[in-house]
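S.K.: Build me a structure from this.
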Amino acid sequence: MKVDVYWNVHLGCYSIRHKGVVIGHAHKLLIEKPRYVVNQAGRARVLATKRKEVHAFVRGDLRWWKGRATERGAAIGAAPAWKAEAVKLDRKAYSYGKPVSYNPYKAGTFLYRPQYEPPIAEPAHSGPMILMRIGINRGHKGKPLMVEFEPELSEYA
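M.R.: Residues are numbered from 1 along each chain as shown. Predicted structure coming up:
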């Protein structure tokens with residue numbers, strides 16, 4: 001299912017939108033073939049008003065998610081699922097993935113967060129798979145955390 005996923009600052013979780021309708025809220029997702037989308041007009045409004053609004057999101061194929069479906073999501077058959085394959089991919093993302101972040105005040109695109117010196121961030125536009133979750137470790141606790149990674153074909157089918 002093709003979806004747009006964005007961080008919902010009011011609920012403290014990710015919101016999943018399908019065809020313009022929010023179908024669920026999740027604390028953990030795996031998205032295949034993600035594209036990182038920033039609406040530049042929305043970003044300009046955020047910069048001018050200093051008020052948050054949804055203008056950036058990850059668009060891709062929803063593979064697995066943990067959370068709850070909204071009424072409208074349940075009506076179209078959207079149901080959370082987190083299988084054993086997802087657990088393996090979750091671990092791989094943390095071991096081998098590249099962290100991705102977005103801050104409208106720093107750049108007009110999503111960025112790969114540098115892990116090593118020198119700290120030079122590269123723009124992120126798309127990738128093979130991304131894990132999106134709420135951080136659980138010190139420094140990231142309760143914050144959005146996104147890690148892009150390359151899964152092995154044998155790891156999911």
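S.K.: who touches the most centrally placed residue in the chain in this structure?
M.R.: Per C-alpha atoms, centre = their mean, the C-alpha nearest to the average position across the chain is that of M132, at 4.2 Å. With contact set as C-beta atoms under 8 Å, 6 or more residues apart in numbering, M132 has these partners: 5, 14, 26, 28-31, 58, 144-146. Where you see a C-beta, it was placed from the backbone N, CA and C, and this is true even at glycine.
S.K.: again with P34
M.R.: 58-60, 126-127, 129-130, 148.
S.K.: For the residues you listed, give me a markdown table that also has secondary structure.
M.R.: As requested, the contacts of P34 are exported to a markdown table (DSSP: H, G, I helix; E, B strand; the rest coil):
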| residue | secondary structure |
| --- | --- |
| V58 | strand |
| R59 | strand |
| G60 | strand |
| S126 | strand |
| G127 | coil |
| M129 | strand |
| I130 | strand |
| E148 | strand |
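S.K.: Checking my notes, the residue nearest to the centre of the chain in a strand, right?
M.R.: Yes - counting by three-state DSSP, M132 is part of a strand.
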